[in-house]
Structures are given as structure tokens and as C-alpha cells.
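Visitor: give me a 3D structure for the following:
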Amino acid sequence: MNKAPGIIFSLSVAALLTVGVSAPVVAQDVDAARALAQSNNCLQCHGIKKDKDGPAFLKTAEKYKGKANAEDELVKHITSGKKVKLADGTQEEHKIVKTIPPNDAAQMKNLVKWILATQ
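Guide: Here you go, the predicted structure:
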């Protein structure tokens, strides 16, 4: 029995893990993420590919690309109400995303994954 294919596969997997290749960020439910963004008026201030008062989701995805803590940082951003700087230079508290049931972590994470997957 030839063990070479198994060894090659094992070495290939080990090499990929060593260089830190990660799976692309993809929302589990794109329709649900878009609906949550729309119901919270996220698209009033953020375009998908074009800046509005806030940065475009594409710009946000590019900013966080490859960062290990990207999802956690964005969940914190959409749940904390921290001050943000608008395009005109003024500041206001970022709206806290509301879910049903309240503070549903899975829905928040799905929304963040959708934003990070913007291309």
C-alpha cells in the first residue's frame, strides 16, 4: 500500500495551517443580514460600495481584512453606541443595532460577517 498520497495531504494541510490561511468571511444568511441592516436603517448612513455619512461597507471590509479580531471589533461597534465622526466632521453616537429577540449574538455576528464579506 502506497502511503505517499496520505503523507503529501498531511504535509499540505500542515503547510496551510502554518501560513495562516483562513476561510473567507461569509454571512450564514445574507438575506437575514440585509434585512437586519435595512430594519435598523444602517443603509441610511452607510452605502454598500459608496461612502455616505459613514464609510461604505466595502471600505469597512477592506479596513478589517485579515485582522483576527475583525468580527469582535465590529460587533462591539454596532452594540456599544460609541461616538463616531461623520463625513461633515460632526460626531454622534452610533446607533445600536436592535434584534428580535433583543441582543441576539447570532444575528449580530451574521450582520458583521455580511459587512466583512462586501466586495
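Visitor: which is the next helix or strand following the one helix or strand Leu58 maps to?
Guide: Element membership of Leu58, judged by DSSP states H and E, is helix 57-64. Stepping forward along the backbone from helix 57-64, the first helix or strand reached (DSSP H and E) is helix 70-80.
Visitor: residues contacting that following helix, please?
Guide: The contact list for helix 70-80, computed with C-beta atoms under 8 Å, 6 or more residues apart in numbering, reads 25, 60, 64, 67, 94, 96-97, 103, 105, 108-109, 111-113, 115-116. Heads up, the C-betas are built off the backbone N, CA and C, glycines and all.
Visitor: quick one: Asp51 and Asp88, what's the gap?
Guide: Spatial separation of Asp51 from Asp88 under the definition C-beta to C-beta, to the nearest Å is 12 Å.
Visitor: isn't there a strand covering Glu92?
Guide: Yes: the assignment for Glu92 (DSSP: H, G, I helix; E, B strand; the rest coil) places it in a strand.
Visitor: before we move on, the earlier item: which parts of the helix holding Leu58 are buried?
Guide: Neighbour-count burial for helix 57-64, with 16 or more other C-beta atoms under 10 Å as criterion, is recorded at Phe57, Leu58, Lys59, Thr60, Ala61, Tyr64.
Visitor: go ahead and confirm Ile96 touches Pro102.
Guide: No: using C-beta atoms under 8 Å, Ile96 is not in contact with Pro102; the gap is 10.4 Å.
Visitor: more neighbours: those two, which one.
Guide: The residue with more neighbours, out of Ile96 and Pro102, is Ile96; 13 against 6, by other C-beta atoms under 10 Å.
Visitor: surely Leu116 touches Ala61?
Guide: Yes: Leu116 lies in contact with Ala61 (C-beta under 8 Å); the separation is 5.1 Å.
Visitor: and the angle from the helix holding Leu58 to helix 70-80?
Guide: Interaxial angle, helix 57-64 versus helix 70-80 (axes from the mean of the first three to the mean of the last three C-alpha atoms, to 10 degrees): 130 degrees.
Visitor: I appreciate the help and will end here.
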